[in-house]
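J.: Predicted structure and sequence below. I'll ask about it afterward.
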Amino acid sequence: MNGDLYPPKDTIPDVSHPQVKQWVSEIDWSKVPQIPVAGGLPDSPHFPNCPPDDEVDKRSCWWSCDGCVQPSDVVTCPNQSDWGLTYDDGPSVASREMMKYLNSNKISATFFIVGSRVLEYPDILREQVAQGHHIAMHTWSHAGLTTLTNEQIVAEVRWSEKIIRDATGLTVKYIRPPYGDVDNRVREILRQMGYVTVIWTLGWDTNDWRVAMNQIQPDEIMQTFENALDNRELIRSSTGGPGGPVTLEHDLTDGTIYLSKQIIPMGMNRGLRPMSLDRCLNDASPYQKGSLTDQKANGGAGNHTSLATKPGITTPGNGAADYNGSTAQDTKNEQGLSMSKSEAKAMIHNGAQTMGYTVMGLAMVASLMMAL
């Protein structure tokens, strides 16, 4: 990829760029809720800093600070036995080992791509597509989106969209906001750009990246995953019935790949069927533009799971939504775990205390490990 055609790696793109101005002009700003830009942590300005509980605006439906999800958010799989297998922050050199394992076991996965990493590893991204995996977006610089201005959000998404399309010919449809940081302002901007917001099932974040940061031992992650498996009956789909998990992992280092290789058979032995997010959602059109025909013809992982319609499962869309009038809902009986909002919020906050990292920093750790 010609780096001169894109913003600098791991930085929030310049909103004064003519291309960004054009993208910004395409948004109907009258439909975007007037929610203030969130503040960040002192040592990590683009990781959201949650205010006290009584200062959180319930109308904003701010997942990071209130555990709030909207019906349009993807948090679980509709089928109790389906497992949405997802990886964030790549592509990286380590991605190839993960892809090799998945392909040997006839498993497809969803890779949430950071635009800056495509500048470094476009060939690996193309290999993921050729092998039939599902590609989605994780923004350009991995900044918390609620900490960005409206124009910065557009720039982060559109530049990532462009470099992925330039490398693969596909315009992605699903986006996971970094740290799951989303509120109704962010949701509406993403919706107008054609995106479906994806978070993950509470309790099913593996925290695998913490091993690379020497913050946790692999055995602790395995035990946490075992505990999640023991409590699968708590998962609720968007319709309120039993649902399947959407996990959060990373294809960044040998360590995170090793953990995934251990976790996948653990889940399969308990009756879960790992698959890409589009398959767990039964979405036969998983991209805004582009076709899966070429992927299937290549005989990759995309051939291993049928896209046949599953009874009772609906595909998420990006139609009109009223984010201006929404209020925060208790997560009980909604998508995710059947727990109270306070319990959900505590879980999010506990993770947030150790999540104030940048993709650039973790990518540097990955590069150093690969060099050893």
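T.: That came through fine. Numbers count the residues shown, from 1 in each chain.

J.: Doesn't Q70 lie inside a strand?
T.: No - counting by DSSP: H, G, I helix; E, B strand; the rest coil, Q70 is not found in a strand; it is coil.

J.: Tell me how far it lies from G194.
T.: 17 Å (CB to CB, to the nearest Å). The way it works is simple: take the backbone N, C-alpha and C, and place the C-beta from them, glycine included.

J.: out of the two, which sits in the more crowded spot?
T.: Ranked by neighbour count (other CB atoms under 10 Å), Q70 and G194 place Q70 first, with 21 against 16.

J.: And for the nearest residue to the more buried one once chain neighbours are set aside, the neighbour number?
T.: Nearest residue to Q70, sequence neighbours excluded (CB to CB, 6 or more residues apart in numbering): C61, at 5.8 Å. For C61, the count of nearby residues is 25 (other CB under 10 Å).

J.: can you tell me how far C61 sits from I189?
T.: Taking CB to CB, one finds C61 at 14 Å from I189.

J.: Looking at the chain, which helix is longest?
T.: helix 150-168 (DSSP state H).

J.: what does the average pLDDT come to for stretch 96-113?
T.: Stretch 96-113 shows a mean pLDDT of 98.

J.: Using CSV, write down the CA coordinates of that stretch.
T.: Extracted in CSV, the C-alpha atoms of stretch 96-113 (Å, rounded to 0.1, in the frame of the first residue of the first chain):
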residue,chain,number,x,y,z
ARG,A,96,-1.2,-16.2,9.8
GLU,A,97,-0.7,-18.8,12.5
MET,A,98,-4.3,-18.2,13.7
MET,A,99,-5.6,-18.5,10.1
LYS,A,100,-3.6,-21.8,9.7
TYR,A,101,-5.2,-23.2,12.8
LEU,A,102,-8.7,-22.1,11.8
ASN,A,103,-8.4,-23.4,8.3
SER,A,104,-7.1,-26.8,9.5
ASN,A,105,-10.2,-27.1,11.7
LYS,A,106,-12.6,-25.8,9.0
ILE,A,107,-13.6,-22.8,11.1
SER,A,108,-14.4,-19.3,9.8
ALA,A,109,-13.9,-16.2,12.0
THR,A,110,-14.5,-12.5,11.9
PHE,A,111,-11.4,-10.3,12.0
PHE,A,112,-12.0,-6.7,13.1
ILE,A,113,-9.4,-4.8,11.2
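
J.: Give me the buried stretch members for it, please.
T.: By 16 or more other CB atoms under 10 Å, the buried positions in stretch 96-113 come out as 96-99, 102-103, 107-113.

J.: so which of these would you say is closest to K162?
T.: Taking CB to CB as the measure, K162 lies nearest I113 of the buried residues of stretch 96-113, at 12.2 Å.

J.: beta partners for that closest one?
T.: G90, M137 (DSSP bridges).

J.: Confirm for me that it is in contact with I164.
T.: Yes - with contact defined as CB atoms under 8 Å, I113 and I164 form a contacting pair (5.9 Å).

J.: Excluding chain neighbours, what is closest to G244?
T.: Closest to G244 by CB to CB, 6+ apart is C77, at 3.5 Å.

J.: List the contacts of Q288.
T.: T171, V172, K173, G194 (CB atoms under 8 Å, 6 or more residues apart in numbering).

J.: Pick out the most distant pair among the residues you listed.
T.: Top of the distance list for the contacts of Q288 (CB to CB): V172 and G194, 9.2 Å.

J.: Only the buried residues of the host helix or strand of I124, if you could.
T.: Using DSSP states H and E, I124 falls within helix 122-130. For helix 122-130, a neighbour-count test (16+ other CB under 10 Å) marks P122, I124, L125, R126, E127, Q128, V129, A130 as buried.

J.: and whatever helix or strand R191 lives in, what does it pack onto?
T.: Using DSSP H and E, R191 falls within helix 184-192. Counting contacts by 3 or more CB pairs under 8 Å, 6 or more residues apart in numbering; DSSP states H and E, helix 184-192 packs against helix 150-168, strand 196-197.

J.: Return the distance of it from the chain's centre.
T.: 15 Å (CA atoms, centre = their mean, to the nearest Å).

J.: what sits up against that helix?
T.: 26-28, 31-35, 59-61, 70, 72-73, 145-146, 150, 153-154, 157, 175, 177, 182, 197, 318, 321, 323-324, 326.

J.: Now which of those residues would you call buried?
T.: Buried among the contacts of helix 184-192 by 16+ other CB under 10 Å: 27, 32-33, 35, 59-61, 70, 72-73, 145-146, 150, 153-154, 157, 175, 177, 182, 197, 318, 321, 323, 326.

J.: Point out the ones among these that are inside helices.
T.: Those of the buried ones among the contacts of helix 184-192 lying in helices (DSSP H): N150, I153, V154, V157.

J.: pretty sure the second one is touching L145, no?
T.: It stands for I153. Yes - counting by CB under 8 Å, L145 is a contact partner of I153 at 5.5 Å.

J.: Give me the helix or strand of this structure that scores worst on average pLDDT.
T.: In the chain, the helix or strand scored least confidently by mean pLDDT, DSSP states H and E is helix 359-371, which has a mean of 38.

J.: ok, T247 - contacts?
T.: W83, G84, L85, T86, W200, T201, W204, D205, T206, I263.
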